[in-house]
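Enquirer: Here is a sequence together with a model predicted from it:
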Amino acid sequence: MTLAEVAEAAGVGESTVSRVLRNHGSFSGKTRERVMAAVERLGYVPNRIAGTLASTGSRLVAFVIPSLSNIVFPDVLRGASAVLEENRYQAVFSVTDYDPGKEEALAAAMLAWRPAAVMLAGCEHTEGTVKMLRASGCRIVELLDLDGDALDIAVGFSNRAAGRESAAFLLKQGYRRIGYVGHDLNRDTRAGKRFSSFCETLDAHDTQLVAREILAGASSVENGRLGLERLLARTADLDAVYFSNDDMALGGYFHCLAEGIAIPSKLAIFGYNGLDIGRATPQPLSTIRTPRVATGQIAAQLIVANAPPQAVDLGFELIEGATA
């Protein structure tokens, strides 16, 4: 089905059909009704790529994200998509699995579509990715981390500050035999920043991290449960455990329930992200709540407005919960 056939069916010119479908330029309400009726009757699907190449501005916004299994990134996409759809932009996304090399390849693939903007997680990228992004001419938005030099726009919060506040909270509660359970810190650089500043804060208060268990691969509830089991098998006298995120912390929580370990009197648990499920457990999870949906919304608003380069700090909230 072609634009010409739609124009013939609606009794108007092809340029008029194009204006109606792009919602740009002058046409009457009756003309729009005739065109849209023809579109629906004929099952016409506009060629958005051709429209992008023929126009001065793309309507595509590309997301290159680490994961879809971690609810953090779907939350960001949900916030951004609402704004983009309202402003007639189309979101497309690809998943890197926390692999910097894969991020570079996917960024190159996305840039080949000449998007209006590319949104990525974090501030750390390969040299090749940075060169491509700088040379692309499109807007760049880095999400969920402000601990680095932004290429263009950055929206999120400081992961280092989150690590510091987590440690300070546990110390204030009187915990001193503290352990850590996490996932691959080399790939998830934001988790690595939180862990590093967490340990630095303990050191500043003459307290050492007693033990750690870092599992290969991505975070998950199962890995959190397995990690805590292994940690306690080696160091049974811990009084608190800091987890790389809420997925892992919930796994630790379930391990304690299964083994009859009283929380928090026998062992305190602290997470990161503030997931909804963490508030629904019998004892709400002590954690840091991050503004994930707002991060996506504001990032999209800045793109739509063609805002100048800037860093937007949305902060985070420490949730005392009932597990620490």
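Expert: Looks like it came in fine.
Enquirer: Report pLDDT for the residue positioned nearest the centre of the chain.
Expert: Nearest residue to the geometric centre of the chain (C-alpha atoms, centre = their mean): Phe73, 3.4 Å. We have a pLDDT of 94 for Phe73.
Enquirer: And it, which helix or strand is it part of?
Expert: helix 72-86 (DSSP states H and E).
Enquirer: Could you pull up the residues touching the closest residue to Arg134 other than its chain neighbours?
Expert: Setting aside the residues directly before and after it, Arg134 is nearest to Leu151 in space (C-beta to C-beta, 6 or more residues apart in numbering), at 6.7 Å. Where you see a C-beta, it was placed from the backbone N, CA and C, and this is true even at glycine. Leu151 makes contact with Val130, Leu133, Arg134, Ile140, Glu142, according to C-beta atoms under 8 Å, 6 or more residues apart in numbering.
Enquirer: Tell me the most packed of the residues you listed, by neighbour count.
Expert: Using other C-beta atoms under 10 Å as the neighbour criterion, Glu142 leads the contacts of Leu151 with 26 neighbours.
Enquirer: How many residues are close by the closest residue to that one other than its chain neighbours?
Expert: In this structure, Glu142 finds its nearest non-sequential neighbour in Ala154, 4.7 Å apart by C-beta to C-beta, 6+ apart. Residues near Ala154, counting by other C-beta under 10 Å, number 24.
Enquirer: do Tyr272 as well
Expert: So Tyr272, with other C-beta under 10 Å, has 31 neighbours.
Enquirer: Backbone dihedrals for it, both of them.
Expert: When quoted as degrees, to the nearest 10, the phi and psi of Tyr272 stand at phi -160, psi 130.
Enquirer: got a pLDDT number for it?
Expert: The model's pLDDT for Tyr272 equals 98.
Enquirer: residues contacting it?
Expert: Taking C-beta under 8 Å, 6+ apart, one finds Ala162, Ser166, Ala191, Arg194, Phe243, Ser244, Asn245, Asp246, Ala249, Thr287, Ile288, Thr290 in contact with Tyr272.
Enquirer: Nearest to Glu14, out of those: which one, please.
Expert: Distance ranking of those against Glu14, using C-beta to C-beta, places Thr290 first at 48.3 Å.
Enquirer: Many thanks, we can stop here.
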